[in-house]
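Visitor: got a sequence here, can you model it:
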Amino acid sequence: MFSRQVVGWSMAAHMKAHLVNDALLMAIWKRKPEKGLLWHTDRGSQYASESHRKLLKQHGIQQSMSRKGNCWGNAVSASFFHALPN
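Guide: Below is the predicted model of the structure:
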């Protein structure tokens, strides 16, 4: 949300942990963030997975998740994907 720019992405026919890990690694490579970056996501299983939490820890990234049942936590990304042509 800092820049509202897509800095990492990955595409597949599934939403498994390695998909979001690939997107995160692309963003880390492009932006080279300092330790302490706050990574806010919804409560999806791919973001709660051990491999994703381990990747965040390796890069000094602090994880933050939306409250359970909070639909507003994902409003910016939902708006972005709604604007993409089908």
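Visitor: so what's the residue count around the residue lying closest to residue 17 once chain neighbours are set aside?
Guide: Counting by CB to CB, 6 or more residues apart in numbering, residue 49 is the residue found nearest to residue 17 once chain neighbours are left out, at 3.9 Å. For every residue, glycine as well, the C-beta is placed using N, CA and C. Summarising burial for residue 49: neighbours were counted as other CB atoms under 10 Å, giving 16.
Visitor: low-confidence ranges, this protein, go.
Guide: 1-3, 67-86 (pLDDT under 70).
Visitor: can you give me the helices for it?
Guide: Defined through DSSP state H, the helices belonging to the chain, from first to last, are 17-31, 45-48, 50-58, 75-83.
Visitor: who's in contact with the shortest one?
Guide: Yep, that's helix 45-48 we're talking about. Helix 45-48 is touched from outside by 15, 16, 17, 19, 20, 41, 52, 63, 65, with contacts defined as CB atoms under 8 Å, 6 or more residues apart in numbering.
Visitor: of the residues you listed, buried ones?
Guide: For the contacts of helix 45-48, a burial check counting by 16 or more other CB atoms under 10 Å picks out 17, 19, 20, 41, 52.
Visitor: how about these in JSON lines, adding distance to residue 34?
Guide: Supplementary listing: these in JSON lines, determined by distance: CB to CB, whole Å:
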{"residue": "17", "distance to residue 34": "24"}
{"residue": "19", "distance to residue 34": "25"}
{"residue": "20", "distance to residue 34": "21"}
{"residue": "41", "distance to residue 34": "20"}
{"residue": "52", "distance to residue 34": "20"}
